[in-house]
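A.B. asks: next come a sequence and a model predicted from it.
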Amino acid sequence: MRTDVAEILIDIEGQLRQLGLWDKIPPSSAALASNEPFCVDTLSLPQWLQFVFIPRLYQMLEAEQPLPSECAIAPMAEEYFRGTELAVQELVSALQQMDDMLSGRGMVN
């Protein structure tokens with residue numbers, strides 16, 4: 001499962017880069033310190049994925065810590081990107097795979 005999670009993280013990063021949503025400059029420490037879910041008050045969803053979610057999961061994988069047992073990022077992404085002209089289907093699909101993997105709702109192919 002850990003290898004599958006790492007592969008999905010690589011896919012999410014690749015999709016963000018392909019869509020031009022990968023930032024070169026990190027947000028401020030204050031923005032990253034938000035207590036709100038997904039840091040909605042300080043970060044965009046792509047920023048949260050890049051600077052919070054992806055690094056945290058990599059840290060957990062490297063430290064062999066338990067991974068989250070519940071995950072529901074795909075619905076947030078669907079709402080965030082609603083009405084956009086960006087082709088985000090593959091990104092949302094990768095996020096759904098992560099949700100399913102971490103929440104135990106299925107295995108990734």
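C.D. replies: Everything's here; your move. The model shown is predicted, which means the values in this text are computed figures rather than measured ones.
A.B. asks: Glu7: how many residues sit nearby?
C.D. replies: Residues lying near Glu7 (other C-beta atoms under 10 Å) number 14. Glycine gets a C-beta too; all of them are placed from N, C-alpha and C.
A.B. asks: ok, Pro27 next?
C.D. replies: 19.
A.B. asks: pretty sure it contacts Val52?
C.D. replies: No. Assessed by C-beta atoms under 8 Å, Pro27 is found out of contact with Val52, at 9.4 Å.
A.B. asks: report the set of residues contacting both of these two.
C.D. replies: Residues touching both Pro27 and Val52 (C-beta atoms under 8 Å, 6 or more residues apart in numbering) are Leu43.
A.B. asks: please report how far Pro75 lies from Gln18.
C.D. replies: The gap separating Pro75 from Gln18 is 22 Å, by C-beta to C-beta, to the nearest Å.
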